[in-house]
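# structure of the sequence below:
(one chain, ligands or ions: 1)
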Amino acid sequence: MRIDELETPIGVVDLDRLSANIDRLQSYLDTHDIDNRPHIKTHRIPAIAHMQLQAGAVGITCQTLSEAEVMCSAGITDIFLPYNLLSKAKLKRLMLLSRRARISVTADSAATVAGYADAASQEGSPLPVLIEMDGGCERCGVTTPEGVRQLARQIDSASHLHFGGLMVYPSNPESNAFMAESKMLLAQDGLDVERTSGGSSFCMWQAHEFTEMSEHRAGMYVYGDRNLVDASVMTLDDCSYFVLATVVSRPTEGRIVLDSGSKALAADSARQSPGHGLIVEYPESEIFKLSEEHGHVDVSRCDRKPEIGERVTVLVNHCCVSNNLFPRIIGHRKGEVELEWPILAKGW
Ligand SMILES: Cc1ncc(COP(=O)(O)O)c(C=O)c1O
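All right, here's what the predicted structure looks like:
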C-alpha cells in the first residue's frame with residue numbers, strides 16, 4: 001500500500017530518513033566522545049528508542065513517568081527522568097520503576113530532594129539524583145553555582161540518595177560556564193561530578209563546543225520539523241515526520257481548508273516562520289489559522305491553487321506535539337507503507 005492511499009489526517013515517518021538522522025547524530029557525538037542519551041518524548045515509541053540504543057546511545061531520557069514505565073516494560077534499562085517528581089503517588093511509581101531499571105532523576109529544590117530521600121529510604125540501592133540548573137530558558141533549574149552547591153550537599157548527605165551530577169537544558173555557552181563554575185565549587189567540597197548532561201536538538205551540532213558536558217540529550221532530531229529547518233539545524237530533506245492532509249474545501253479562490261487542524265498539526269507557532277506548518281507542495285501558502293479539525297490556508301500567493309480532494313504534505317512546526325496527538329504512526333520507505341507503530345508512551 002502507498003501512503004497516498006491512507007486516510008488523512010495521519011502522521012507518517014520516512015524510515016530511511018529516521019535511521020539516517022539517528023546515525024548522523026550518533027556518529028557526530030561518537031567523534032567528539034560525548035555520550036548520547038536521546039529524549040524519547042518526541043516519538044514515544046519503544047521501537048525507535050531501541051533503534052537509538054542499537055546505534056550507540058548510552059540510555060534514554062523520558063519526560064514523564066508514564067513514558068519511562070512504557071520504555072522500561074519494553075526492556076530499556078537505563079532511563080533518565082529530568083523532572084521534579086513530587087507527590088506520594090508519583091514517588092511511589094518512581095520507586096517501583098527504580099526496582100526494574102537504572103533510573104536517575106533531577107531536582108532543583110530542597111523540597112524535591114526531601115521527597116526523593118523519603119521515598120528512597122525504603123529501598124536497597126541509592127537513587128541517583130542530578131541537579132537541574134537553569135540553562136537560560138527560565139524554566140526549572142537552580143540559578144546560581146552556590147545554589148547548586150547547597151543542593152548537592154543535601155543530596156550527598158541523604159543516606160538513600162546518590163549525587164549523580166548536573167543537568168542543564170538547553171546547552172549553550174552560558175550554561176556551559178555555569179556548569180564549569182559549579183563543578184569548581186563542588187570540587188572544593190570533595191564532590192565528584194560523574195555526569196554532566198546537556199541537551200536540545202537546536203544546539204546538537206555545537207555539542208562539542210560545550211566542553212563541560214559529558215552527555216547530550218536531543219529529541220526532535222529523529223523527526224525534524226519546521227523550527228529545526230528554519231534554524232538550519234536540519235534540511236527539509238532530512239525531515240522524516242510529516243502529516244498527510246486533504247483539501248476539504250476551497251471557499252474562495254485564495255483560501256482552502258485542510259482536514260488537519262490543531263488536533264493533527266498542533267497549535268504551536270513556529271519560532272521564525274508565520275503560520276502553522278509548511279505545505280511542502282505549496283511553499284507560498286500559509287496555514288494562517290487552525291480550528292480543531294480544520295486548517296485554514298491562504299493560497300493567494302500560489303500560482304496553481306490546490307483542488308478540493310487534493311492531498312498535501314505538511315511539515316509541522318513542532319514534531320513532538322503533533323506526534324503526540326496521533327494514536328499511531330505509519331512508517332514507510334519511498335512512500336510504500338512498511339509498518340504501523342502505536343504511540344505507546346503517552347501521558348504523565
Ligand atoms: C530536559 C530536556 N532535555 C532534552 C530535550 C530535547 O531537546 P529538543 O526538544 O530540542 O530535541 C528537552 C526538550 O524539551 C528537554 O526538556
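# these two touch, right, Val13 and Tyr241?
Yes: at 5.4 Å, Val13 and Tyr241 qualify as touching, with contact defined as Cβ atoms under 8 Å. (Glycine included, C-beta is placed from N, CA and C.)
# what sits in contact with each of the two?
Tyr223, Ile329 (Cβ atoms under 8 Å, 6 or more residues apart in numbering).
# excluding residues flanking it in the chain, which one is nearest Ile294?
For residue 294 the amino acid is His, not Ile. By the measure of Cβ to Cβ, 6 or more residues apart in numbering, the closest residue to His294 outside its immediate chain neighbours is Gly261, 4.7 Å from it.
# what sits against that neighbour?
Counting by Cβ under 8 Å, 6+ apart, Gly261 touches Leu290, Ser291, Glu292, Glu293, His294, Gly295.
# let me know the pLDDT of Gly164.
With respect to pLDDT, Gly164 has a value of 98.
# so what's it closest to, chain neighbours aside?
Nearest non-adjacent residue to Gly164, counting by Cβ to Cβ, 6+ apart: Pro128, 3.4 Å away.
# tell me the contacts of the residue of the stretch 1-150 of the chain found nearest the ligand?
Nearest to the ligand, among the residues of the stretch 1-150 of the chain, is His39, at 4.0 Å (Cβ to the nearest ligand atom). His39 makes contact with Ile60, Thr61, Cys62, Gln63, Gly199, Arg217, Ala218, Gly219 under the criterion Cβ under 8 Å, 6+ apart.
# near the first one, how many other residues are there?
Counted with other Cβ atoms under 10 Å, the burial measure for Ile60 works out to 27 neighbours.
# Lys90 against Leu65, yeah?
Yes: counting by Cβ under 8 Å, Lys90 touches Leu65, with 6.1 Å between them.
# neighbour count for the two, which is higher?
More crowded of Lys90 and Leu65, by other Cβ under 10 Å: Leu65, with 21 against 17.
# list the contacts for the more buried one?
Going by Cβ under 8 Å, 6+ apart, Leu65 touches Leu81, Leu85, Lys90, Arg93, Leu94, Leu97, Trp348.
# buried ones among the residues you listed?
Leu81, Leu85, Lys90, Arg93, Leu94, Leu97 (16 or more other Cβ atoms under 10 Å).
# what separates the third one from Glu5, distance-wise?
For Lys90, the distance to Glu5 (Cβ to Cβ, to the nearest Å) stands at 43 Å.
# all strands of the stretch 151-300 of the chain, in order?
Here the stretch 151-300 of the chain has its strands, by DSSP state E, counting those that start in this stretch, at 161-169, 196-199, 215-217, 241-252, 255-258, 278-279, 286-290, 295-298.
# export those strands as TSV, with columns for distance to Asn323 and mean neighbour count.
Putting the strands of the stretch 151-300 of the chain into TSV (distance: least, Cβ to Cβ, whole Å; neighbours: other Cβ atoms under 10 Å) gives the following:
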stretch	distance to Asn323	mean neighbour count
strand 161-169	20	25
strand 196-199	18	26
strand 215-217	17	26
strand 241-252	7	19
strand 255-258	18	23
strand 278-279	16	24
strand 286-290	16	19
strand 295-298	17	24
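# may I see those strands organised as a markdown table, with distance to Arg271 added?
Below are those laid out as a markdown table (distance: least, Cβ to Cβ, whole Å):
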| stretch | distance to Arg271 |
| --- | --- |
| strand 161-169 | 16 |
| strand 196-199 | 17 |
| strand 215-217 | 20 |
| strand 241-252 | 18 |
| strand 255-258 | 22 |
| strand 278-279 | 13 |
| strand 286-290 | 16 |
| strand 295-298 | 20 |
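# and Ser285, what are its phi and psi?
The phi and psi torsions at Ser285 (degrees, to the nearest 10) take the values phi -80, psi 170.
# my guess is it meets Arg304, correct?
No: in this structure, Ser285 is not within contact of Arg304 by Cβ under 8 Å, at 10.7 Å.
# who has more neighbours, these two?
A count of neighbours by other Cβ under 10 Å puts Ser285 above the other of Ser285 and Arg304, at 22 against 8.
# and that one, what's its pLDDT?
Confidence score, pLDDT, at Ser285: 98.
# so where do the helices sit in the stretch 101-250 of the chain?
110-120, 145-157, 173-188, 226-230 (DSSP state H, counting those that start in this stretch).
# flag every residue of the stretch 51-200 of the chain that's near the ligand.
The stretch 51-200 of the chain comes close to the ligand at residues Thr61, Pro82, Tyr169, Gly199, Ser200, as judged by Cβ under 6 Å from any ligand atom.
# wait, Tyr282 sits on Pro306?
Yes: judged on Cβ under 8 Å, Tyr282 makes contact with Pro306 at a distance of 6.3 Å.
# what is the neighbour count of Lys334?
10.
# ok, it - contacts?
Neighbouring residues of Lys334 by Cβ under 8 Å, 6+ apart: Asp16.
# where's the residue most central in space within the chain relative to the ligand, distance?
Centroid check for the chain by Cα atoms, centre = their mean gives Gly219 as the closest residue, at 3.4 Å. Distance from Gly219 to the ligand, counting by Cβ to the nearest ligand atom, to the nearest Å: 3 Å.
# that residue against Thr42, yeah?
Yes: judged on Cβ under 8 Å, Gly219 makes contact with Thr42 at a distance of 4.0 Å.
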